[in-house]
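Student: Can you look at this prediction? I've put the sequence above it.
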Amino acid sequence: MKPNEQGSQQDMSQLRAHLEKAFGPDFFKSLSPVFREGGVGAGFWEEGARPKVDLYHTPQEVIAVIEAPGIERKEDIRLHVEPQRLLIQGVQQNRYAQIAKEQYLLSERDRGPFEREVVLPVPVVPEQVQALYRLGLLEVHMRKAHQRKEPQHPE
């Protein structure tokens, strides 16, 4: 990183801290997609990697598909499921740690710790979760918590 880039990054970190202090820690989660998840300002506003997620559902499940390339060990990723929240945390190891930073001509891949929180649109059963990791994608199947329908009384 060049000296002026380092100063700009420090300035942006300070700005982020001031905005979070003024508007609360969830301020950046509420911004438009332009400033989140790969948008124009994402590099300045996000700290650490934030993997991309697809979320879909079937009548029985909510399924999350998370981009997580480079995970080699089960211990490098952690899932925490609550009835309406999925938290993914992990570490993408740097396989090329022996290469000096000065030797890189281009470096875009995320390395190091990552975290992503997804608010689930319907309740799930945290004890009934299955995960599969294949080809750089983590697929998390969460059983929907079917809510009991109140019996309708004829009037």
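Tutor: Received, thanks.

Student: in a strand, that's where His18 is, yeah?
Tutor: No. Going by DSSP: H, G, I helix; E, B strand; the rest coil, the assignment for His18 is helix, not a strand.

Student: so how far is Gly24 from it?
Tutor: Distance, His18 to Gly24, by C-beta to C-beta, to the nearest Å: 12 Å. In short, each C-beta sits where N, CA and C put it, glycine included.

Student: Pro121 too?
Tutor: Taken as C-beta to C-beta, the span from Pro121 to Gly24 is 23 Å.

Student: Could you do Ile99 as well?
Tutor: Distance, Ile99 to Gly24, using C-beta to C-beta: 40 Å.

Student: Pretty sure His141 sits against Thr58.
Tutor: No. Taking contacts as C-beta atoms under 8 Å, His141 lies outside contact range of Thr58: 9.2 Å.

Student: more neighbours, those two?
Tutor: Neighbour count, other C-beta atoms under 10 Å: between His141 and Thr58, His141 has more, with 16 against 9.

Student: What about the closest residue to the more buried one other than its chain neighbours, how many residues nearby?
Tutor: Closest residue in space to His141, ignoring its immediate chain neighbours: Gln130 at 4.6 Å, by C-beta to C-beta, 6 or more residues apart in numbering. Residues near Gln130, counting by other C-beta under 10 Å, number 11.
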